[in-house]
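>>> I'll drop the sequence and a predicted model, then ask my questions.
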Amino acid sequence: METNKILQGDCIKVLKKFPDECVDLVFADPPYNLQLQNDLFRPDSSKVNGVKDYWDKFASFEEYDDFTKKWLYQCKRILKPNGTIWVIGSYHNIFRVGSILQDKGFWILNDIIWTKTNPMPNFKGTRFTNAHETLIWASKNQKAKFTFNYDAMKSLNEDKQMRSDWNIPLCMGNERLKHDGKKLHSTQKPEALLSRVILSSTYIGDIILDPFMGSGTTIVVAKRYGRKWIGIEKDKKYIGKAKQRVDLTLEQRIEDLDMMKSKKLEPRIPFGNLVEQGLLNPGEVLFDGRKRWFAKVRADGSVISDRTKGSIHTVGAEVQGIPSCNGWTFWHTNFRGTIVSIDTIRNIFRDSSFN
């Protein structure tokens, strides 16, 4: 299947031509079906350039639901077994989309709240200011082994676990695309939002599809981060601008796109390997970070304390009186003149053996 291209046409018709299980990630920003009836004006009487585009108009909820079922069916068909889908929406449509996602057999992993740090006010003063949108992240089914770059997201968040509420401003200034002085696309998404989506749930070289490409934010960010991409859009004016944007986007060097790797992807190293390689010796004393509990290393890679013997995990849990323990981070030792966790020694061994 050819990638790194924009396809013009109705997304459902275009998707029907795709082979089964060919895409790693779908990012969908479908019509919101806002059902706006009248123009909206600011206090100074200037007209708000809201979402009143032809592509957002549906005759009824039933028609919108039928449309949603059809494009979601195609997206599920073309997703690889371990692929995921992201769908963004507002309160007008996201609950309907979420229900249909579950009816189609998708497994919801998270709902993400995108809090807009610079939302448009509620000019009439009749409701709360609508300051967020919701993203649903789902795998193809409950058993899928989906991609989640946990450690990279933690690093991005100053070494704290990334939460499901994201504070990101609306695209403004030079990022906001204009045509004749007005917004080119009424629901253009910020590149920062797509960066987080793509970096969190894909690898370099993965194929990303945007079936409602619009002004091209998804494909621009995908290209920047070394992913393959496909955009589908039926409006020529959006396609022209999207092509300009992607042509101006520089591909980063692959070596510059490396991120923190999940420990689950690293080679498995049994504790006994450290003993076999002489990084730890039989009789060497292990202790917790506050030196409350102690254990000795044995020749077969087990450890023994004054209470019990077994694996580093079993003994770590037993001395603390708790059900389980990560012995790699719990136990420490004096290694080459410095007190370190045995996980540090494992990383030294891993780096020397597999890099």
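Cool, got the structure.

>>> switch to C-alpha atoms for all contacts and neighbour counts from now on
OK.

>>> On the three-state scheme, the residue nearest to Asn110 when sequence neighbours are not counted is what?
The shortest distance from Asn110 to any non-neighbouring residue, by CA to CA, 6 or more residues apart in numbering, is to Trp137 (5.3 Å). For Trp137, the secondary structure call by DSSP: H, G, I helix; E, B strand; the rest coil comes out as strand.

>>> ok, now which ones touch Trp137?
Thr84, Ile85, Trp86, Val87, Ile108, Leu109, Asn110, Asp111, Ile112 (CA atoms under 8 Å, 6 or more residues apart in numbering).

>>> Pairing partners for the fourth one in the sheet, please.
Yep, that's Val87 we're talking about. Ala28, Ile136 (DSSP bridges).

>>> Would you agree it is in contact with Leu25?
No. Val87 lies out of contact with Leu25 (CA atoms under 8 Å); the separation is 10.9 Å.

>>> Give the residue from these two that has the larger number of neighbours.
Shown here are Val87 and Leu25; by other CA atoms under 10 Å, Leu25 has more neighbours (28 against 19).

>>> Which residues are in contact with that one?
So Leu25 contacts Leu79, Gly83, Thr84, Ile85, Trp86, Ser201, Thr202, Asp206, Ile207, Ile208, Leu209 (CA under 8 Å, 6+ apart).

>>> Stretch 8-18: which residues count as buried?
Within stretch 8-18, the residues that count as buried by 16 or more other CA atoms under 10 Å are Cys11, Ile12, Val14, Leu15.

>>> Now, the residues you listed that are in strands?
The members of the buried residues of stretch 8-18 all map outside strands under DSSP state E.

>>> Which ones among these map onto helices?
Per DSSP state H, helices hold the following members of those: Cys11, Ile12, Val14, Leu15.

>>> Just send the residues you listed back as CSV, with pLDDT and distance to Arg350 too.
Formatted as CSV, those follow (pLDDT from 0 to 100; distance: CA to CA, whole Å):
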residue, pLDDT, distance to Arg350
Cys11, 95, 46
Ile12, 96, 47
Val14, 97, 46
Leu15, 97, 44
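
>>> so who does the nearest residue to Ser90 once chain neighbours are set aside touch?
Distances taken as CA to CA, 6+ apart place Glu133 nearest to Ser90, at 5.0 Å, with adjacent residues excluded. Counting by CA under 8 Å, 6+ apart, Glu133 touches Ile88, Gly89, Ser90, Tyr91, Ile113, Trp114, Thr115, Lys116.

>>> The last one reaches Met172, doesn't it?
Right, Lys116. No. The pair Lys116 and Met172 fails to qualify as a contact (CA under 8 Å) at a distance of 11.7 Å.

>>> more neighbours, these two?
Neighbours per residue, other CA under 10 Å: of Lys116 and Met172, the larger number sits with Lys116, 17 against 11.

>>> From Lys183, how far off is that one?
18 Å (CA to CA, to the nearest Å).

>>> With Ala152 instead?
For Ala152, the distance to Lys183 - CA to CA - is 34 Å.

>>> out of those two, which sits in the busier spot?
Neighbour count, other CA under 10 Å: between Ala152 and Lys183, Ala152 has more, with 19 against 14.

>>> Can you tell me the element that one falls in?
helix 150-156 (DSSP states H and E).

>>> what distance separates the helix or strand just after that helix from the centre of its chain?
Sequence-wise, the next helix or strand downstream of helix 150-156 (DSSP H and E) is strand 165-167. Averaged C-alpha coordinates place strand 165-167 at 13 Å from its chain's average position (CA atoms, centre = their mean, to the nearest Å).

>>> which neighbours does strand 165-167 have in its sheet, and in what orientation?
Here, using DSSP bridges, strand 165-167 pairs with strand 107-115 (parallel).

>>> any residues touching the strand it pairs with, and which ones?
101-102, 131-142, 164-169.

>>> send the alpha carbons of that strand over as PDB?
Listed next in PDB are the C-alpha coordinates belonging to strand 107-115 (Å, rounded to 0.1, in the frame of the first residue of the first chain):
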ATOM      1  CA  TRP A 107     -11.800  -1.600  23.600                       C
ATOM      2  CA  ILE A 108     -11.600   1.900  25.200                       C
ATOM      3  CA  LEU A 109      -8.200   2.500  26.700                       C
ATOM      4  CA  ASN A 110      -8.500   6.100  27.900                       C
ATOM      5  CA  ASP A 111     -10.600   9.200  27.500                       C
ATOM      6  CA  ILE A 112      -8.400  12.200  27.300                       C
ATOM      7  CA  ILE A 113      -9.600  15.700  28.200                       C
ATOM      8  CA  TRP A 114      -8.000  18.400  26.100                       C
ATOM      9  CA  THR A 115      -8.300  21.500  28.200                       C
END
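
>>> Now do the buried residues in it.
Trp107, Ile108, Asp111, Ile112, Ile113, Trp114, Thr115.

>>> quick revisit: just the buried residues out of the contacts of strand 107-115, in ChimeraX syntax.
In ChimeraX syntax, the buried subset of those is picked out as below (16+ other CA under 10 Å):
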select :101,132,134,135,136,137,138,139,140,141,166,168,169
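
>>> For the contacts of Leu25, which two are the farthest from each other?
Greatest spatial distance in these: Trp86 and Asp206, 14.9 Å, computed using CA to CA.

>>> More neighbours: those two, which one.
It is Trp86, of Trp86 and Asp206, that has more neighbours when counted by other CA under 10 Å, with 23 against 18.

>>> can you give me the offset of stretch 234-248 from its chain's centre?
The answer for stretch 234-248 is 25 Å, by CA atoms, centre = their mean.

>>> One more: stretch 204-220?
With CA atoms, centre = their mean, you get 14 Å for stretch 204-220.
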